[in-house]
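S.K.: Build me a structure from this.
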Amino acid sequence: MMIEERRTLDGGVIGLRVDITAMKQQAEALEEALHRAEAASRAKTEFLADMSHELRTPLNGVLGLGQALAATELSDSQRVLLTDMVGSAQDLDGLVNGLLDYGDRARAADAAPGGGVTPSDVPALRVLAADDNPTNRKVVELMLGAAAQVISVENGQQAVDAWRAGAFDVVLMDLRMPVMDGLDAIRAIRKAEGAGLPRAPIIVISANTSETDVEASAAAGADRHIGKPLRAEQLFEAISGVLD
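M.R.: Presented below is the predicted three-dimensional model:
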C-alpha cells in the first residue's frame, strides 16, 4: 500500500491510498526471471567450455601426432592410411566447431593466410611448455623438434617454478591445469617480472577458444592465444610473432 498526499486548489490536503501489491509482485517476478535467465546463460557458457575442452583435447593429440608421423619415412600405403586418419580427425574437428558454435576469434585469426612459417624460420629456442595432458606435451615436443629445447611441466605452479629457475625464450601455457591454472600462472609470472625479472613472451594454447577465453588470456598478460587442435605452422607463426 502506498499513501500519497496532494494539495487542493483551496489549500486543503487530500490523502490517496494506492494498492501497489500487483506492481511489486510483477517487479519481483521479472527480477526472478532475470536471475533465472542469467543462471541459464552461465550454465550454457560453462557447458560449452567443458565440451570444448573435453572434445578438442583428444583431437589435439590425434591431429598433432598425425602431423608428426607424416614427417617421418612412410611407405605409400602407410601414408594413404595416415592421410585418411588425419582427414577424418579434421572432419570431426569441423563438426565439433560447428556444434559448439563459438565466435572463435582465436582459431579464425590463426587460420588466416600467413607467411607459411616453418621450423627453419624459428631460431633454436629454449621453450617452457605447461600442459596437464602428456599427449599434448608430446605433440608440442614433436612439432618443435630440433627447433627448440622443450622443458615440459604438468601444471601452472610447476610452470612458475621452472620459469623462475631457468631462462626461457617462450612460455607455452595451457589454461585448465591442476594445482594452479594457466591464468593464475601467467599472472604470477607477470607479477614477478614487475619486480625486476626479464619479461617472457607467453602463448596460451588451449581447447577453450571463445572470445571470453581470449580476452581473459590477454587480461592475465598473455601475448597470444591459439586454439587446439594445434597445427605446426600455427605454433611456429605464433612463436615467430611474439619474438619479433
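
S.K.: Where do the strands of the protein begin and end?
M.R.: 2-7, 13-18, 125-130, 148-153, 170-173, 202-206, 224-227 (DSSP state E).

S.K.: contacting residues around the spatially most central residue of the chain?
M.R.: By Cα atoms, centre = their mean, the chain has its centre lying nearest to residue 208, at 3.7 Å. Residue 208 makes contacts with 49, 52, 53, 175, 176, as judged by Cβ atoms under 8 Å, 6 or more residues apart in numbering. Heads up, the C-betas are built off the backbone N, CA and C, glycines and all.

S.K.: quick revisit: looking at the strands of the chain, which is closest to residue 218?
M.R.: strand 224-227 (7.1 Å; Cβ to Cβ).

S.K.: tell me what that closest one is packed against?
M.R.: helix 105-111, strand 202-206, helix 211-220, helix 232-243 (3 or more Cβ pairs under 8 Å, 6 or more residues apart in numbering; DSSP states H and E).

S.K.: Try it again at 10 Å.
M.R.: Under the contact definition 3 or more Cβ pairs under 10 Å, 6 or more residues apart in numbering; DSSP states H and E, strand 224-227 sits against helix 21-70, helix 105-111, strand 170-173, strand 202-206, helix 211-220, helix 232-243.

S.K.: and that strand, which strands flank it?
M.R.: strand 202-206 (parallel) (DSSP bridges).

S.K.: Output the strand it pairs with as CSV, restricted to C-alpha atoms.
M.R.: Extracted in CSV, the C-alpha atoms of strand 202-206 (Å, rounded to 0.1, in the frame of the first residue of the first chain):
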residue,chain,number,x,y,z
ILE,A,202,53.7,-16.2,-23.2
ILE,A,203,51.5,-18.0,-25.7
VAL,A,204,48.3,-19.7,-24.4
ILE,A,205,47.5,-23.0,-26.2
SER,A,206,44.0,-24.1,-25.1
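
S.K.: what about residue 66, distance to residue 51?
M.R.: 22 Å (Cβ to Cβ, to the nearest Å).

S.K.: Ignore what I typed, I meant residue 82.
M.R.: For residue 82 relative to residue 51 (Cβ to Cβ), the value is 28 Å.

S.K.: Repeat that for residue 21.
M.R.: 45 Å.

S.K.: Same check on residue 79?
M.R.: 33 Å.

S.K.: pLDDT for the contacts of residue 208 - can I get that in CSV?
M.R.: Formatted as CSV, the contacts of residue 208 follow (pLDDT from 0 to 100):
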residue, pLDDT
49, 71
52, 71
53, 72
175, 95
176, 93
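
S.K.: Now for these, which sits with the most neighbours around it?
M.R.: For the contacts of residue 208, counting by other Cβ atoms under 10 Å, the largest number of neighbours falls to residue 175: 27 neighbours.

S.K.: Can you give me the neighbour number for residue 133?
M.R.: By other Cβ under 10 Å, the burial measure for residue 133, its neighbour count, is 18.

S.K.: tell me the contacts of it?
M.R.: Residues near residue 133 by Cβ atoms under 10 Å, 6 or more residues apart in numbering: 57, 58, 60, 61, 139, 154, 174, 176, 177, 207, 228.
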